[in-house]
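> please find the sequence and the predicted model below.
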Amino acid sequence: MNSALLLAKDEIHSPAATPLVRRIVGGDAAVLTEKEWLVTNGLGGYSSGTISGAATRRYHGLLIAAHPAPIGRIVLLSHLTEQFRFPDHSQLDIGGTEHGDGVLDVRGANAFQEFRLEMGLPVWQYSAYGHVIEKRVFMPHQRNTVLVNYRLISGDGPVQLMLRPSLHFRGHDEPVSAPDFEPYTLTARSRCYEYRNERPGFPPLRIYVHAESSALILAEETLANILYRIEECRGYEKIGTLWSPGCFQVPLTASSEVTLTASTETWEQIQAIRPDAAWCIEMERRQRLLSLAGTTIDVPLGAELTLAADQFIILPASRLHDSALAHATGDQARTVIAGYHWFTDWGRDTMISLEGLTLVTGRHAEAGYILRTFANHVRDGLIPNFFPDHATEGLYHTADATLWFFHALHRYVTVTGDRDTLRTLLPVLRDIVARHQNGTRFGIGVDPNDGLLRQGATGYQLTWMDAKVGDWVVTPRRGKAVEINALWFNALRLLQGWMEEEGESADELDALATRVHRSFNERFWNGSEFGLFDVVDGEEGDDASCRPNQIFAISLDHPVLAPARWEAVMNVVCERLLTPLGLRTLAPGHVDYKPKYSGDLRSRDAAYHQGTVWAWLIGPFVDAWCRVYPDRLDESPSFLAGFDAHLSEACIGTISEIFDAEAPFTARGCAAQAWSVAEVLRASAKISQQSRSSNT
């Protein structure tokens with residue numbers, strides 16, 4: 001398996017630019033089934049699968065549409081089997097299926113030449129019987145539509161293309177064994193095909209074939225006993241059934257491309273833009289994203305991660321009231337999908353990701369939209385932990401997301417100078433601090449004895465280490481957590497500064513922040529380990545577990561840890577937690593340390609924050625490194641060196657959520673994670689900027 005990355009940076013802003021390409025060449029069926037691709041639509045919907053075509057997740061499908069609550073995201077077009085019949089009567093079948101007996105059936109692997117991401121979009125190339133065929137998949141921006149395009153690159157035509165769609169109308173998070181509410185009904189008119197079933201509230205699936213001519217050969221088929229391998233490994237329902245109405249028969253020639261469009265939109269919307277024009281529009285949109293990013297595309301992985309970042313910034317399609325409220329005030333609603341495939345928008349992930357996804361990439365207006373959207377959801381001094389897929393109201397069980405809101409706002413105002421947004425939000429920020437001082441939900445509140453922030457409620461995990469199985473909270477961390485108090489001090493100093501800049505008195509905030517600083521350095525320093533306690537005043541006293549949360553005491557804009565102790569903490573983190581792909585969540589040697597993240601839900605969550613490596617933590621680590629070792633900046637690029645190879649593994653062109661704690665650091669969890677992409681991109685841009693500054 002070989003990979004290559006081609007980028008002509010000096011031409012990237014030109015209309016005739018050499019495309020940004022990440023290429024996967026060769027590979028057997030098993031390898032091609034391990035590697036995934038992802039296309040998104042800016043609404044939370046997506047198209048995704050493996051390179052081989054075999055679906056290994058319940059979330060794999062060509063069209064997963066995002067609709068308003070309570071419908072949410074839904075699978076409609078699950079699969080497309082392709083067959084090419086050449087003039088000499090030879091035949092090429094493409095596609096993959098794994099059966100319940102574990103037999104992997106991948107057709108066309110021998111003809112596979114390459115898979116590539118071209119400007120972030122997937123392209124397959126096959127060669128067979130003197131013909132070269134290319135296939136592309138893309139989704140127009142903010143439309144619940146997918147287009148699958150076929151081109152005959154070389155060889156005599158016509159080639160008869162047979163396309164068999166397979167359907168399963170279900171929520172994308174429902175098990176693959178979910179009932180299909182049959183029967184389906186088909187309405188056909190002039191190459192327009194509309195499929196419905198009895199699922200209440202579900203929109204119809206509309207399929208249109210763009211070609212010189214086409215025909216639907218009705219040959220209804222039920223495809224049973226389909227194994228979804230990753231669901232099996234994760235301990236979920238693993239066997240599913242699909243339904244197919246028959247095959248589309250379409251001639252493919254060198255002068256005539258074929259595009260199958262699948263959508264939940266109206267026929268007028270589907271046919272408003274020709275596929276070739278839709279492709280050009282999407283390419284121009286992506287070129288604009290690279291232009292907006294400016295010099296960011298010049299840093300290692302900058303251009304690729306700029307396009308990967310775009311996948312997470314969405315219009316919250318499930319919450320119509322967000323858009324209505326934004327439009328009423330002359331604004332636009334935006335949010336951040338935390339990860340694909342199963343996450344929705346999470347407050348913590350959004351605020352941590354905001355700088356890398358939007359500010360580093362030049363998307364300043366959308367950063368403002370995101371901050372104002374979340375500000376509208378503040379309740380009792382908290383922003384939502386996350387928004388469920390089928391609901392319009394958020395859940396608020398988080399102690400840190402609201403404090404990250406201060407951090408994100410500071411980075412936004414620093415980059416944009418948008419004092420209007422800051423002034424609008426100041427009353428909200430003052431109320432947040434007051435609520436925290438007086439105590440708010442889930443036991444979140446200031447301890448009057450030392451000014452530190454404590455949190456904890458039975459049955460809840462309120463920090464980012466939030467694994468929970470049934471009634472078992474894996475890493476409860478109730479008490480005074482180290483990163484919560486680092487964030488609390490940072491928020492107090494930020495608000496103090498903003499109020500003083502606006503001519504307001506902030507003496508009380510100054511006094512509280514000073515007290516927090518003193519108490520933190522007295523309580524959290526663990527002299528026997530030359531590091532910081534992870535939690536003090538916890539349910540079982542002070543927790544000396546070596547975790548990465550201590551890095552935030554150095555990395556934030558207002559570091560709470562006394563500078564004399566910075567280097568000791570960095571030594572501990574470097575020696576025990578640093579890996580080529582991020583930081584471990586627990587140091588080896590601890591009784592709860594888990595080197596591998598695998599197995600059923602209980603086994604995985606037991607390892608989620610007990611050693612498992614998180615890519616996003618490399619961002620604050622780089623921040624701390626640059627602060628502690630300004631004379632060793634030349635070493636900092638090495639901390640990101642492992643991510644280039646990773647972009648050709650797992651989900652191509654993006655960064656996974658987590659990795660095993662030991663070599664070979666296998667990618668796990670979500671195939672594409674917002675804060676992983678955001679923090680690697682931000683850290684890369686910071687390293688580049690500091691390197692330039694040190695050389696001038």
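In hand now; what should we look at?
> not counting sequence-adjacent ones, nearest residue to L422?
Counting by C-beta to C-beta, 6 or more residues apart in numbering, the nearest residue to L422 once its immediate chain neighbours are dropped is V413, at 5.2 Å. Heads up, the C-betas are built off the backbone N, CA and C, glycines and all.
> name the helices or strands packed onto the helix or strand hosting the one you found?
V413 belongs to helix 401-416 when assigned by DSSP states H and E. Applying 3 or more C-beta pairs under 8 Å, 6 or more residues apart in numbering; DSSP states H and E, one finds that helix 401-416 contacts helix 347-354, helix 364-375, helix 419-438, helix 482-501.
> next, count neighbours for T295.
Using other C-beta atoms under 10 Å, T295 has 12 other residues around it.
> S127 and G108 touch, don't they?
No: between S127 and G108 there is no contact, the gap being 10.4 Å when judged by C-beta atoms under 8 Å.
> who has more neighbours out of those two?
Legend: neighbour count by other C-beta under 10 Å for S127 and G108, higher for G108 (22 against 17).
> got the contact list for the residue lying closest to that one once chain neighbours are set aside?
Closest residue to G108 in three dimensions, ignoring its sequence neighbours and counting by C-beta to C-beta, 6+ apart: I94, at 3.7 Å. With contact taken as C-beta atoms under 8 Å, 6 or more residues apart in numbering, I94 is in contact with 53, 81-84, 107-108, 111, 126, 135.
> of all these, which comes closest to I217?
Of all the contacts of I94, the one sitting nearest I217 is Q83; the distance, using C-beta to C-beta, is 11.7 Å.
> helix, strand or coil for that closest one?
strand (DSSP: H, G, I helix; E, B strand; the rest coil).
> is it in a bridge, and if so with what?
Beta bridges link Q83 to D93, M162 when assigned by DSSP bridges.
> you'd agree it is up against I133?
No: counting by C-beta under 8 Å, Q83 stays clear of I133, with 11.4 Å between them.
> anything in contact with each of the two?
By the contact definition C-beta under 8 Å, 6+ apart, Q83 and I133 are jointly contacted by L92.
> between the two, who's got more neighbours?
With neighbours defined as other C-beta under 10 Å, Q83 and I133 compare such that I133 has more, 25 against 18.
> find the nearest non-adjacent residue to the more buried one, please.
Closest residue to I133 in three dimensions, ignoring its sequence neighbours and counting by C-beta to C-beta, 6+ apart: Y126, at 4.9 Å.
> buried ones in the helix holding V413?
Within helix 401-416, the residues that qualify as buried by neighbour count (16 or more other C-beta atoms under 10 Å) are 401-413.
> please apply the same query to stretch 128-148.
Of all the residues in stretch 128-148, those buried under the rule 16+ other C-beta under 10 Å are 128, 131, 133-141, 143-148.
> list the contacts for the closest residue to S263 other than its chain neighbours?
Spatially, and ignoring its direct neighbours in sequence, S263 is nearest to T145 (3.9 Å; C-beta to C-beta, 6+ apart). For T145, the contacting residues are 41, 63, 139, 261-265, 269-270, by C-beta under 8 Å, 6+ apart.
> need the pLDDT of T145.
We have a pLDDT of 98 for T145.
> please apply the same query to N2.
For N2, the pLDDT comes out at 41.
> coming back round to it: export the helices and strands packed on helix 401-416 to JSON lines and append columns for distance to D310.
Output for the helices and strands packed on helix 401-416, formatted as JSON lines (distance: least, C-beta to C-beta, whole Å):
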{"stretch": "helix 347-354", "distance to D310": "12"}
{"stretch": "helix 364-375", "distance to D310": "10"}
{"stretch": "helix 419-438", "distance to D310": "23"}
{"stretch": "helix 482-501", "distance to D310": "28"}
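> list of residues touching the helix or strand containing A66?
For A66, the element it lies in under DSSP H and E is strand 61-67. Strand 61-67 is touched from outside by 41, 43-49, 55, 72-80, 137, 144-146, 148, 168, 172, 203, 205, 262-264, 314, 317-318, 341, with contacts defined as C-beta under 8 Å, 6+ apart.
> what about those residues, which are in strands?
The strands, defined by DSSP state E, take in 46-49, 72-80, 137, 145-146, 148, 168, 205, 262-263, 314 from the contacts of strand 61-67.
> for the most far-flung residue of the chain relative to its centre, what are its contacts?
Residue farthest from the centre of the chain, counting by C-alpha atoms, centre = their mean, is D88 at 45.6 Å. Contacts were defined as C-beta under 8 Å, 6+ apart; by that measure D88 touches Y129.
> likewise N571?
By C-beta under 8 Å, 6+ apart, the residues touching N571 are F530.
> let's verify it: helix, strand, or coil?
Using three-state DSSP as the criterion, the local structure at N571 reads helix.
> next, count neighbours for the closest residue to G45 other than its chain neighbours.
Spatially, and ignoring its direct neighbours in sequence, G45 is nearest to A66 (3.8 Å; C-beta to C-beta, 6+ apart). A count of nearby residues for A66, using other C-beta under 10 Å, gives 26.
> A66 pairs with what?
According to DSSP bridges, the partner residues bridging A66 are R73.
> any idea how far it is from R632?
When distance is defined by C-beta to C-beta, to the nearest Å, A66 is 45 Å away from R632.
> where do the strands sit along the stretch 451-600 of the chain?
Shown for the stretch 451-600 of the chain, the strands assigned by DSSP state E, counting those that start in this stretch span residues 453-454, 468-469, 472-473, 480-481, 525-526, 531-532, 535-538, 541-543, 578-579, 582-584.
> can you lay out these as a markdown table showing distance to W279, mean pLDDT and mean neighbour count?
What follows is these, written out as a markdown table (distance: least, C-beta to C-beta, whole Å; pLDDT from 0 to 100; neighbours: other C-beta atoms under 10 Å):
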| stretch | distance to W279 | mean pLDDT | mean neighbour count |
| --- | --- | --- | --- |
| strand 453-454 | 51 | 98 | 24 |
| strand 468-469 | 44 | 78 | 15 |
| strand 472-473 | 48 | 82 | 16 |
| strand 480-481 | 49 | 98 | 28 |
| strand 525-526 | 57 | 96 | 18 |
| strand 531-532 | 52 | 96 | 26 |
| strand 535-538 | 53 | 96 | 22 |
| strand 541-543 | 54 | 95 | 15 |
| strand 578-579 | 40 | 98 | 20 |
| strand 582-584 | 36 | 98 | 26 |
